[in-house]
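In: output the structure for:
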Amino acid sequence: MSSAYSPLPDRRGAGNRFGDPGVAGLKILVLLVGLMWASEFLDTFLGGALDGFGIQARDSDGLIGIAAAPFLHAGFGHLISNTIPLLMLGAIIAASGAAHLLGVTVVVALVSGIGTWLTSPPGSITVGASGIVFGYATYLIVRGIFNRSLGQLLIGVLVVVFWGGALLSGLLPQAGISWQGHFFGAVGGLISAWLLSGSPRRRTTSSRSTSWRAS
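Out: Residues are numbered from 1 along each chain as shown. From the prediction side, this is the model:
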């Protein structure tokens, strides 16, 4: 009696067909920072013309700044001061994947941008990724509370230890610095931590709410 041999499919790495989520997140982070640097080089070549696309307070033409402002900076010194914490804090968030990093970034950018547009002094133009930095930091500080994760709480403590002083000083009114962008960026970080949390209580509430709407 003859028998046919049919090899089983090799499933090694099947779960990784899209690559390591952390690596994908880091690629997105590097891309975002790279766009900031490319924009600043172009803005320097254009004599600062791109800065006009920042957030213009309560001006309908300035609404485009909500999307553009994080990629624009008032010189390379300003850009460098944002790049370092952006990469350090963003890398921790990126470990959860590209979608997670983008989710936090979009929520923070929207909340920070809209809040800045509504509350900044009339005639002012705000540029810079500081709101994103404050949002990342706040997200990392509070996400462990929503997720009930000891490891994430410890990371939050480290963020407070290393960046707490800078965060507090950035919320104080200073000439030429948008505390509004910082404050609403932090609010965005808090909101994104809640929205992206996987706490049992949040899942249960969401499930019950969905069932109620479907009945």
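
In: quick one: contacts of stretch 149-159?
Out: 89, 92, 137, 140-145 (CB atoms under 8 Å, 6 or more residues apart in numbering). No exception for glycine: its C-beta is placed from N, CA and C like everyone else's.

In: if we go to 10 Å?
Out: Contacts to stretch 149-159, defined as CB atoms under 10 Å, 6 or more residues apart in numbering, come from residues 85, 88-89, 92, 136-147, 164, 167, 193, 197-199.

In: now do that stretch: distance to the chain's middle.
Out: On the basis of CA atoms, centre = their mean, to the nearest Å, stretch 149-159 sits 18 Å off its chain's mean C-alpha point.

In: quick one: buried residues of it?
Out: For stretch 149-159, burial by neighbour count (16 or more other CB atoms under 10 Å) applies to 149, 152, 155-156, 159.

In: just the buried ones from the contacts of stretch 149-159?
Out: 85, 89, 92, 136-147, 167, 193, 197.

In: would you mind giving the secondary structure of residue 123?
Out: With DSSP: H, G, I helix; E, B strand; the rest coil as the basis, residue 123 sits in coil.

In: and it, how far from residue 56?
Out: Note on residue 123: its distance to residue 56, by CB to CB, to the nearest Å, is 8 Å.

In: more neighbours: which of these two?
Out: residue 56 (21 against 9; other CB atoms under 10 Å).

In: wait, that one touches residue 124, no?
Out: Yes: contact status for residue 56 versus residue 124: in contact at 7.5 Å, counting by CB atoms under 10 Å.

In: spit out the residues that contact these two alike.
Out: residue 62.

In: one step back: in helices only, show me the contacts of stretch 149-159.
Out: 85, 88-89, 92, 136-147, 164, 167, 193 (DSSP state H).

In: the protein: strands as residue ranges?
Out: Applying DSSP state E to the chain gives strands spanning 55-56, 125-126.

In: against which helices or strands is the last one packed?
Out: Going back to what we said before, that points to strand 125-126. Packed against strand 125-126, as judged by 3 or more CB pairs under 10 Å, 6 or more residues apart in numbering; DSSP states H and E, are the following elements: strand 55-56, helix 98-119.

In: could you pull out the buried residues of stretch 110-128?
Out: 110-113, 115-117, 120, 124-128.

In: what about residue 160, how many residues nearby?
Out: Count around residue 160 with other CB under 10 Å applied: 15.
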